[in-house]
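**Student:** Return atomic coordinates for the entry below.
(2 chains)
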There are 2 protein chains.
Amino acid sequence: MVTDRINDFLRTTRSDEPFVVVDLEVVRKNFERLARALPESRVYYAVKANPAPEILALLAKLGSSFDTASVAEIEMVLAAGASADRISYGNTIKKERDIARAYALGVRLYAVDCPEEVEKIARVAPGARVFCRVLTDGAGAEWPLSRKFGCEPDMAVSVLEHAHKLGLEAVGVSFHVGSQQANTAAWDTALADASRVFKTLAERGIHLKLVNMGGGFPTRYLKDVPTSEDYGKAIFGALRRHFGNRIPETIIEPGRGLVGDAGVIRAEVVLVSRKSEDPDGQRWVFLDIGKFGGLAETMDEAIRYPIRTPRDGDRTTPCVIAGPTCDSADVLYEKTPYELPVSLTVGDEILIEATGAYTTTYASNGFNGFAPLKSYVI
Amino acid sequence: MVTDRINDFLRTTRSDEPFVVVDLEVVRKNFERLARALPESRVYYAVKANPAPEILALLAKLGSSFDTASVAEIEMVLAAGASADRISYGNTIKKERDIARAYALGVRLYAVDCPEEVEKIARVAPGARVFCRVLTDGAGAEWPLSRKFGCEPDMAVSVLEHAHKLGLEAVGVSFHVGSQQANTAAWDTALADASRVFKTLAERGIHLKLVNMGGGFPTRYLKDVPTSEDYGKAIFGALRRHFGNRIPETIIEPGRGLVGDAGVIRAEVVLVSRKSEDPDGQRWVFLDIGKFGGLAETMDEAIRYPIRTPRDGDRTTPCVIAGPTCDSADVLYEKTPYELPVSLTVGDEILIEATGAYTTTYASNGFNGFAPLKSYVI
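**Tutor:** Numbers count the residues shown, from 1 in each chain, chains lettered A, B, ... in the order given. Model (predicted):
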C-alpha cells in the first residue's frame, strides 16, 4: 500500500540501489485491527518477518508480545524495550546452550515437538513453560508448510506428559496453518486436534491452558484476502465448537499480517529485451532486485507482488520478470508471466507493493556483489 | 575434500556457530590442473562462486583473469591485485551507470545478449570489446540454466553487427552449458552454434576471434565426475570439429570447478527426532546450517553434499535433513532422504564437504537472527 507518508518519502529520496520503505502507521493499524478482531488472544509478533528496530519498538509500545527464532532475535526484542515475559522462544530446534542463554535473559516460554527438546529445556531452563507444536496439513496456504515442525497429536500427549514429569510446566499446544492462509476454516481442524490433546492430558491430571494458534494471517498481494474480522469470527467460532465454554488462553503469531502491506520496494528497470528477433517474442524485464536481493518469496512463483510502473494505463503484454544477478534461478515470474506496459523502458522506477515482510532478511549476504536490501522505516 | 591442512585447522578451532574453511592449496591445484587441461584457454574465475579476498589474491598471483557480475566484484578483483585488463564484466544485465563506472575503472570486455545492452555500452564505454551470449539448452547440468541469459544464435548475429556499427569491437560469442555439467559432450552443440555465428558475420566482413565457453566444470559431490583432462579433450575435439584449423581464442569461466571441493563446512547436530511415536518412523536430523545459512544449492535437492559424521561406520537409516530456521522451506533433503548413522546424536559435529562454492554469498543477511556463514581461508 503506497500511503501518503510513503509517497512523500519516495519523492524526496534518491537512491542508486533498490530499497524498501515501511510505514509504521500501517503496522500500527494492522496491530490494532487484529487485536480488536481477536480481543481474547495475545499477539506475539513473529520477529523473523521483519526485525527492524523501529518496528519492534512500536509493537513493544503497543503492548505486543514477541515470537522469536533465535537468541539474536530475543536480544533485539529486549533492546526494543519489551520485557522477557513477553517473549516466546518459538523455534522447536534450539541448541541447549541457546536455551540456557535465553533462560538467563529471562525467557520462560518455549516451543517443543519431541522428547529430546523437552530434555534440553528441563536441563537448562528448569520450571519453564513449554507448549508442543502439532502437525497440520497447511492446505490452502500460499506459502505452505512442510512437515518440518510439529509432531502427530498423539505424540504431543506424550511429549507434554514427559515435560510435566521433568518438572516443566506443560502449558499447551501450538500449530501453524501455513503462511498467507486464505482459508479461514483451516483453523478449525487444528483446533479440533488441540482440544483432543487437552482432553487426553486432563484425564491424566495435566491441565493445559494455552493454545498458540500461530500465524498464517495474510497480507493482500494481488488477490483479495479475508479481513481480520473474518478471521476473528472463524477462529472464535472454532474455539467455541471445540472447547465449549472452557475456552483456553490463546496466542496468535502474525508476522506478514502485521508488516506485509506496510512496505513498498522501489526498484529500477535495468533491461527490457527479447530472446529472438521475432517482434512478438516474449519480453524479458530485468529489475535491479530479484530472488537474492529480497524477493525470495517469489520462489516457485509463490507470492505474486503487485507492481506499479510509471506507465500504468498503457497497453500491456505478458512479460517474464527477472533479477539482476548472474544466476539463472534468479527469475521471478516466468511460468505465469506478468502483464506490464509495452512502453516500459530501461531506467523506469517501479514500486513493488506489499513487501514489508520477508524481504530484508531473506536478502543474501552480497551475492554477486550486490549489497543486501536497504531498509527505511518511517 | 578434508585435506590435512583443513584437519589441522578444525582440530584447533572452536566455534559456537557453523563455518566454512577453504584450503588455498586445493584452489591452486584445481587452477593448475584446469589450465593444463585447456592450455590454449584463458581462465576467468567466476568471482560469484566465492569472492573471499584470499582466493582472489591467490588466483591473481597465478595469472588468472576474472569474470565479474557487478561493480562491487570488479572492485574486489582490483583490490586483490589483478589489473583491469584481466576483468570481464560478464553479466548481461547492467545499469548504464555501472557500465560507466566499470569503464572508468579500466574494464574493456563486456557481455551482451540484446541490442538495448549494446546501446548502453556504446554510450558510456566507447570502443569496448563485447561478446554476445547465445542460449544453450543446459541438458545434463545438475544446476540447470533457465533461458534468462543469452539470445538465439540468429539474433546474436544482429546484436554483434549492431555493436560493430556503433563503434564497439564485436569480439565473439559466449555460452554456458549449465553449472555442474557432467556431460562433456554438452560443449559440442554450443560450439557448433558459435561457429555458425562466426561464419555468418565473417561473410559480412566482421571477424570474430573469441569464444567464451563459460563455466559448468563440476566439483565432486557424491557422484564421480569426469576429470579436467576429460573436459579438455572433449572441448578441444569440439573446437577442431567446428572451427577446423582456425581455432579462435577461448575463455573458460570456472567457479565451482576451482573452489567447490576446496571448502568444508563444520556444523552441529541440533536435534534428532521423529514426528510420531512409531519407532520405525522417519528420523529428522536438524543441523545448525540450512538453506538460508549457506546451503541454498540444496534447493529442489539439486546439489547433494557428502556429509561426514563422527559415527561413520555405524548402521545407517534414511533421514530427512533440515536447517535451524523457523522456515518450513528450510529442509535440505526429504524427497530423497539421506543415509545417516542411527547413533547420530545431538551435539555431534559433522563435516559437509565440497562446500567451497556458493555458500558464503548465498547465505541470507541474518534471517531468523542467524548470522551469515563465517568463512576462513587457509
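**Student:** residue of the stretch 201-350 of chain A with the smallest distance to chain B?
**Tutor:** Closest residue of the stretch 201-350 of chain A to chain B, C-beta to the nearest C-beta: A:Ser273 (3.6 Å). (C-beta placed from N, C-alpha, C; glycine too.)
**Student:** Name the nearest residue to that residue, sequence neighbours excluded.
**Tutor:** B:Cys114 (3.6 Å; C-beta to C-beta, 6 or more residues apart in numbering or on different chains).
**Student:** For A:Ile252, give me the pLDDT.
**Tutor:** Reported pLDDT at A:Ile252 in the predicted model: 94.
**Student:** Tell me if I'm right that it and A:Ala35 touch.
**Tutor:** No - taking contact to mean C-beta atoms under 8 Å, the distance of 9.4 Å between A:Ile252 and A:Ala35 leaves them out of contact.
**Student:** So for these two, which residue has more residues nearby?
**Tutor:** Neighbours were counted for A:Ile252 and for A:Ala35 using other C-beta atoms under 10 Å in any protein chain shown; A:Ile252 has more, 27 against 19.
**Student:** Could you give the bridge partners of that one?
**Tutor:** A:Ile252 has the following beta-bridge partners by DSSP bridges: A:Val43.
**Student:** so who does it touch?
**Tutor:** A:34, A:38, A:41-44, A:212-215, A:217 (C-beta atoms under 8 Å, 6 or more residues apart in numbering or on different chains).
**Student:** one step back: between A:Ile252 and A:Ala35, what contacts are shared?
**Tutor:** A:Val43.
**Student:** can you pull the contacts of A:Ser70?
**Tutor:** A:91, A:98, B:368-370.
**Student:** Please apply the same query to A:Arg129.
**Tutor:** A:108-110, A:168-169, A:171.
**Student:** picking up where we left off before, which residues does the residue of the stretch 201-350 of chain A closest to chain B form a beta bridge with?
**Tutor:** A:Trp284.
**Student:** correct me, but it touches A:Arg283?
**Tutor:** Yes - taking C-beta under 8 Å as the definition, A:Ser273 is a contact partner of A:Arg283 at 7.3 Å.
**Student:** Of those two, give the one with the bigger neighbour count.
**Tutor:** More crowded of A:Ser273 and A:Arg283, by other C-beta under 10 Å: A:Ser273, with 21 against 18.
**Student:** ok so, going back, only the buried members of the contacts of A:Ile252: can you turn that into a PyMOL selection?
**Tutor:** What follows is the PyMOL syntax selecting those of these that are buried according to 16 or more other C-beta atoms under 10 Å in any protein chain shown:
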select buried, chain A and resi 34+38+41+42+43+44+212+213+214+215+217
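**Student:** Out of the contacts of A:Ile252, name the ones that lie in helices.
**Tutor:** A:Leu34 (DSSP state H).
**Student:** quick one: contacts for the residue nearest to A:Ser364 when sequence neighbours are not counted?
**Tutor:** Spatial nearest neighbour of A:Ser364, excluding adjacent residues (C-beta to C-beta, 6+ apart): A:Phe292 at 4.3 Å. Contacts for A:Phe292 (C-beta under 8 Å, 6+ apart) come out as A:323, A:325, A:327, A:330, A:363-364, A:367-368, A:370, B:362.
**Student:** Give me the secondary structure label for the spatially closest residue to A:Ala371 that is not a sequence neighbour.
**Tutor:** Leaving aside its sequence neighbours, A:Ala371 sits nearest to A:Glu17 (C-beta to C-beta, 6+ apart; 6.5 Å). Here A:Glu17 takes the coil state, with states given by DSSP: H, G, I helix; E, B strand; the rest coil.
**Student:** burial count for A:Glu17?
**Tutor:** For A:Glu17, using other C-beta under 10 Å, the count is 16.
**Student:** Quick check, A:Lys275 in contact with A:Val320.
**Tutor:** No - counting by C-beta under 8 Å, A:Lys275 does not reach A:Val320; the two are 9.2 Å apart.
**Student:** my read: A:Gly294 touches A:Ile265, true?
**Tutor:** Yes - if you go by C-beta under 8 Å, A:Gly294 and A:Ile265 touch, sitting 6.8 Å apart.
**Student:** And these two? Which one has more around it.
**Tutor:** Neighbour totals were compared for A:Gly294 and A:Ile265, and A:Gly294 leads with 29 against 26 (other C-beta under 10 Å).
**Student:** In contact with that one, which residues?
**Tutor:** Applying C-beta under 8 Å, 6+ apart, the residues near A:Gly294 are A:18, A:20, A:265, A:355, A:359-360, A:362-363, A:372-373.
**Student:** What about chain B: which of those touch it?
**Tutor:** A:360, A:362-363, A:372-373 (C-beta under 8 Å from any C-beta of the partner chain).
**Student:** Which two of the residues you listed have the greatest separation?
**Tutor:** A:Tyr362 and A:Pro372 (9.8 Å; C-beta to C-beta).
**Student:** ok so, going back, so, if you compare the contacts of A:Arg129, which one comes nearest to chain B?
**Tutor:** A:Tyr110 (13.2 Å).
**Student:** per-residue confidence for the closest residue to A:Lys291 other than its chain neighbours?
**Tutor:** Excluding the flanking residues, the one nearest A:Lys291 by C-beta to C-beta, 6+ apart is A:Asp330, at 4.8 Å. A:Asp330 carries a pLDDT score of 93 in this model.
**Student:** From what I see, A:Asp330 and A:Ile289 are in contact.
**Tutor:** No - in this structure, A:Asp330 is not within contact of A:Ile289 by C-beta under 8 Å, at 9.9 Å.
**Student:** Give me the common contacts of those two.
**Tutor:** A:323-324.
**Student:** Compare those two (neighbour count), which wins?
**Tutor:** A:Ile289 (29 against 23).
**Student:** residue contacts, A:Leu208?
**Tutor:** A:160, A:170-173, A:197-198, A:201-202, A:248.
**Student:** typo on my end, A:Ala363
**Tutor:** A:292-294, A:296, A:372-373, B:364-365.
**Student:** A:Pro126 too?
**Tutor:** A:167-168.
**Student:** Secondary structure element for the closest residue in space to A:Val124 that isn't next to it in sequence, which one?
**Tutor:** Closest residue in space to A:Val124, ignoring its immediate chain neighbours: A:Ala100 at 4.0 Å, by C-beta to C-beta, 6+ apart. Per DSSP states H and E: A:Ala100 is located in helix A:96-104.
**Student:** okay, that helix in PDB with CA atoms only?
**Tutor:** What follows is helix A:96-104, C-alpha atoms only, in PDB (Å, rounded to 0.1, in the frame of the first residue of the first chain):
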ATOM      1  CA  GLU A  96      20.900 -26.400  24.500                       C
ATOM      2  CA  ARG A  97      23.400 -23.600  25.100                       C
ATOM      3  CA  ASP A  98      21.000 -21.200  23.300                       C
ATOM      4  CA  ILE A  99      18.100 -22.300  25.600                       C
ATOM      5  CA  ALA A 100      20.400 -21.600  28.500                       C
ATOM      6  CA  ARG A 101      21.200 -18.100  27.200                       C
ATOM      7  CA  ALA A 102      17.500 -17.400  26.600                       C
ATOM      8  CA  TYR A 103      16.700 -18.600  30.200                       C
ATOM      9  CA  ALA A 104      19.500 -16.300  31.500                       C
END
